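K.L.:
Mind folding the following:
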Amino acid sequence: MPVKVKCTTCDKVLSVPDAARGKAVKCPQCDTRISVPAEDDSDSSSSSSRPRPKSTTSKPKPKKATQVIDSEEGLGNLDLRRAEDTEARICPKCGFDMQYHDEEDSECPECGYDTTAGGLGVRAKKRAMKGPDPADFYPGLVKEAWKFVGRNIFLAWRTVLYTLVCLAIALSCAFLYLWISMWPPRAFLALCFTISFLVIPGWMWFLDTEVIKLTLERKDKFKKLNFDFFLASAMGGAFIFWSIVVLLPLVALPAGLGYLLVNYSGMPSFVLPLCVGIGSIPAVWMLPVVMSHMSMPVQYKGWMVWKMVPVWLKNLKPLSVWILWFLITNIPNIAGVATIAAVSGEEISGIVNIMEENARIERIKFQRIQNPNTQKKGQKAPVLEPLPETRSVNLKPLILPCVILAVMALINGFTSLFNMRTNGQFTYYNKASLELVDKLKEYKYKAKEKRDEDEDDKPKTLVQHGVDGFVFVMVFGLVGLVGGMLYGSFTDAGTTKGIVGGMLIGMILSWIVAHINGIKDGYQDSAMWGSLNLIPIIPGFIFVSKNWEYRQTLFFQYLFSILSVIGMIIAAFAVEVLPIRYSESAAAPAGGAPAAGAPAGMQNQMMPGQMGPPGGAPGGPPGGAPGQMMAPGQPPSGMPN
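P.N.:
As a prediction, this is how the structure comes out:
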C-alpha cells in the first residue's frame, strides 16, 4: 500500500509506493531528497504469522528468485506526478490532517489556510486583523461613550472653563478693537483676539487626538492631561489651515453654483451660504478618518484629501452612524447660532458700523490736531470739512448673544467629549481599513553617544547668566509697554508718552523685584547681609561680588534693571521736554519779543488750528488782521523792513 511522507523543507505531503520503502525520493516541489522509512518489524512478524492456505498438490512450486532492483533504477521508474494522494484531506501548507473535519469546511483550523480561496480564510483574516470585528462598533456605542464622559467629568468641566475664558478674552479684544481708534493698539488687540480665539478649536483638536490614543489603548480614564495655552492656539491654527486645505476643493463647486444662482438667477442671498454649507458636509463627514490619522505618529495622510476620500468611502457605514450622533449632539450649537443670527444679527452689525464710524472720526480729529499747519505758502488756509459728532452706542443687544454663547459652551464641554469617544471607538474597530501609519518608532533616530549624566549639573556660563538677567528685565518692560500703549490710547497722553511711561514703570518694577531677590538671598546667607541689602544698590553689588559664584544672575538683574530705569528716565525727559523746546523755537517771531500777556511757557507756542505765528488771527495770514492779504515782498506786521 502507498506510504505517506512529509517533506522536511516545504512541508508537502507525498504518497509513494510501497516499493520505495528504505529508499529516498525527490520532492517534486522543492527537489529535496526525502527518506522513506523501511517496513516495520511488527508488519513483517504479523505477515509471517498469518495462516497459509493448504496446497492442493503434494509438491510445492519452486520459488522465483527475488529480483534486486537498484535504488536509482527504482527511483527512475517512479511517477512522482501520481505520487500524491488526492483523496486524503491534508492541509498543503502545514500538513494538518483534516479528514475528521467537515468536508464543506475548506479552512485549516491549524494555520487558517483555505484551499478553495488559495489563501487565508475568513476566520484567519479576522484573527490577523489589528483590532476586533468592525461589526462590534455599533452595539453599545452610545452607552459606552456616555460612560466615558461620566468617568472624565472633570475633563468636561475643564473644557467648559477653557471655552468660557477664551471666549471672554476674544470678545473683550474684539470690543476694544472697535472702541479704540488708533491703529497700533488695534493691531495688538487683533493679535490677542486671534490667539485667544484659536485656543478653542486647538484644545478640541488636541483633546480629540488624546482620546483616540486612550481608546486604542483600551483605557477609559485620563490620569493627567496638561493644558498649554499657546500650544492649543498653534493647534487651532493647524485646524484652520486644514479646513482651508480640505474645504477649498470640496466647497469650490457648490460655492460657484451658489454665486451664479444668487447673482444671475435672482435667488435670495442665503442660497450662497447654504451651498457652501452643503459642500462642507463631506469634510465634517470624513473628520473621524482625519483625526484617526492625526493621532498617529505619521500624520501626512490626514492633510491629503485625495487619500482621505477613498478611505471615507470605504468606511461610509460607520461614518454615517458617527455623523448622525454628531449632528444630534450639536443641535444646541446649531440652534444657538441660528438664534443669534436671526434675533441679534442686524443689531450687532449696526453696533459694529457705529463703532467703526466713531473710530474713523476720532482718527481724523487726531490727525488734524497733530498736523495743524496745512496752509501752503502764498495760499489761503484750506477750509476743513466739519466732522460729525460721534454717536453713542447701545450695548444692550449684546447681552442675549453672550448668554447664548455661555450656554453653548456649557453644553459643548460634554457633547464634544462624547463625540471624541465615538471617534476613538470608530478608530479602534476600523483600524485595519483606515490605512494608518503607526511605525514611526522603527525609523526614529537615536544618538549613539552616551549622554553625560552630569550635564544638567554643569554651571552656567557668564553669557547664560547675562541672558537670564536680560530676559528678566525685558518681561517687565514688555508688560509696561502693553499697559502704557493702552493707557495712552484711552487718555489724552498719546501713544508715545503712554509707551514711555509704561515701560518706565515696568523697569522700576523689575528693579524692585531684583532688589527683593537680593534681600531674600542676603537673609539666606546671614542676617547681617539681609539687613544691609535693605539699602538700595551699593550693598547689593557688594553682596553679589562676595558670592559671585552663586549670584551671577542676580548681578545681571541688578545691572540691567538699573540701566533700564536710567534709560527710560532719559527717554521720558526727552518726550516731555524736547517737543516743548522745539515748539518754542519754531513759534518765536524773528527779532520780536513774545506776545505780552501770554502765559509763561506758552507765549510763543501755537494753538491747534492757528496757521501762523502769534499776532495774527487763527486761520488768517500771519501777523495780519483777519482776511488781510500781504503783497509780495511785504513783511508781516511787527517785523523790520
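K.L.:
List the single closest residue to Ile351 in space, sequence neighbours excluded.
P.N.:
Val393 (5.9 Å; C-beta to C-beta, 6 or more residues apart in numbering). Glycine gets a C-beta too; all of them are placed from N, C-alpha and C.
K.L.:
Is it correct that the one you found is in contact with Asn353?
P.N.:
No: the criterion here is C-beta atoms under 8 Å, and Val393 misses it with Asn353 at 10.3 Å.
K.L.:
Which helix or strand contains Glu389?
P.N.:
In this structure, Glu389 sits in neither a helix nor a strand according to DSSP states H and E.
K.L.:
what about the closest residue to Leu287 other than its chain neighbours, neighbour count?
P.N.:
Sequence neighbours aside, Asn423 is the residue nearest to Leu287 in space, at 7.8 Å (criterion: C-beta to C-beta, 6+ apart). By the criterion of other C-beta atoms under 10 Å, Asn423 has 25 neighbours.
K.L.:
Arg421 now?
P.N.:
Burial measure for Arg421: 25 neighbouring residues, criterion other C-beta under 10 Å.
K.L.:
give the contact list for it.
P.N.:
Contact criterion C-beta atoms under 8 Å, 6 or more residues apart in numbering gives 144-145, 148-149, 211, 215 as the residues in contact with Arg421.
K.L.:
ok, and the most crowded of those?
P.N.:
Most surrounded of the contacts of Arg421: other C-beta under 10 Å gives Val211, at 27 neighbours.
K.L.:
Does it touch Leu417 like I think?
P.N.:
Yes: here Val211 reaches Leu417: they are 7.4 Å apart, a contact under C-beta under 8 Å.
K.L.:
which regions of the protein sit below the pLDDT cut-off?
P.N.:
1, 39-87, 99-104, 125-131, 372-383, 439-458, 489, 492-493, 577-641 (pLDDT under 70).
K.L.:
can you list the domain ranges for it.
P.N.:
The record's domain parsing of the chain by automatic domain parsing lists 136-369+393-440, 462-585.
K.L.:
okay if I get these as JSON lines plus distance to Thr9?
P.N.:
Below are the domains of the chain laid out as JSON lines (distance: least, C-beta to C-beta, whole Å):
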{"stretch": "domain 136-369+393-440", "distance to Thr9": "32"}
{"stretch": "domain 462-585", "distance to Thr9": "67"}
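K.L.:
got the residue ranges for the strands in the chain?
P.N.:
Ranges of strands within the chain are 3-6, 13-16, 24-26, 33-35, 113-114, 119-120, based on DSSP state E.
K.L.:
Grab the most central residue of this protein for me.
P.N.:
For the chain, the residue lying nearest the average C-alpha position, counting by C-alpha atoms, centre = their mean, turns out to be Met235 (1.6 Å).
K.L.:
Now that Ala514 has come up, it's in contact with Gln557, right?
P.N.:
Yes: in this structure, Ala514 is within contact of Gln557 by C-beta under 8 Å, at 3.9 Å.
K.L.:
any residues in contact with both of the two?
P.N.:
Phe472.
K.L.:
Make JSON lines from the strands of the chain and add mean neighbour count to it.
P.N.:
Written out in JSON lines, the entries for the strands of the chain read as follows (neighbours: other C-beta atoms under 10 Å):
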{"stretch": "strand 3-6", "mean neighbour count": "16"}
{"stretch": "strand 13-16", "mean neighbour count": "19"}
{"stretch": "strand 24-26", "mean neighbour count": "16"}
{"stretch": "strand 33-35", "mean neighbour count": "15"}
{"stretch": "strand 113-114", "mean neighbour count": "19"}
{"stretch": "strand 119-120", "mean neighbour count": "15"}
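K.L.:
nearest to Phe188, of those?
P.N.:
Go through the strands of the chain one by one with C-beta to C-beta and the one that ends up closest to Phe188 is strand 119-120, at 63.2 Å.
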